[in-house]
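> turn this into a model:
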Amino acid sequence: QVQPVESGGGLVQAGGSLRLSCVASGRTFSTYAMGWFRQAPGKEREFVAAITWNGGTTSYADSVKGRFTISRDNAKNTVFLQMNSLKPEDTAVYHCAARKYYRSSRADEYEYWGQGTQVTVSS
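Residues are numbered from 1 along each chain as shown. Presented below is the predicted three-dimensional model:
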């Protein structure tokens, strides 16, 4: 099993950039697909991006496509979310999650979750 821990959130102006990191403990990190989800106040958790166990395939929500990039470094047990051209509507708590091998956009298919990191985008 793995235990994800997110970092890198903060306050940024609209149009700015942030890079989130998620370090997952455990010796089997390279066998897990990783996903990023976000939850804004009063809203349901929504899919942001996901990457397969070997980094070969990625997927994105339409709302972030072309602005966000997910990547991973299996040697460092880390997955990244590079967020550019941030908008106020990107404000949310961002969670990292893990599931075996293949990516999914469904939160209920992920087994392990981090506590989240707050991203706030001011207008």
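
> contacts for the helix or strand harbouring residue 50 next, please.
Using DSSP states H and E, residue 50 falls within strand 46-51. Strand 46-51 is touched from outside by 33-39, 57-61, 64, 68-72, 79, 81, 94, 103-107, with contacts defined as Cβ atoms under 8 Å, 6 or more residues apart in numbering. Placement of C-beta: from N, CA and C, glycine included.

> buried subset of these, written for PyMOL?
Only the buried entries of the contacts of strand 46-51 go into this PyMOL selection, using 16 or more other Cβ atoms under 10 Å:
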select buried, resi 33+34+35+36+37+38+59+60+61+64+68+69+70+72+79+81+94+103+107
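
> among the contacts of strand 46-51, which are in strands?
The members of the contacts of strand 46-51 that map onto strands under DSSP state E are 33-39, 58-60, 68-72, 79, 81, 94.

> I'd say residue 24 and residue 98 touch.
Yes - using Cβ atoms under 8 Å, residue 24 is in contact with residue 98, at 6.1 Å.

> shared neighbours of those two, which are they?
Joint contacts of residue 24 and residue 98 (Cβ under 8 Å, 6+ apart) are 2, 4, 32, 34, 112.

> burial count for the last one?
Think residue 112. Using other Cβ atoms under 10 Å, residue 112 has 17 other residues around it.

> so what's it up against?
Taking Cβ under 8 Å, 6+ apart as the test, what residue 112 contacts is 1, 2, 3, 4, 24, 32, 97, 98, 99.

> and the closest residue to the fifth one other than its chain neighbours, how close does it get to residue 20?
In space, not counting the residues next to it along the chain, residue 24 is nearest to residue 2; the distance is 4.1 Å by Cβ to Cβ, 6 or more residues apart in numbering. In this structure, residue 2 lies at 17 Å from residue 20, with Cβ to Cβ, to the nearest Å as the measure.
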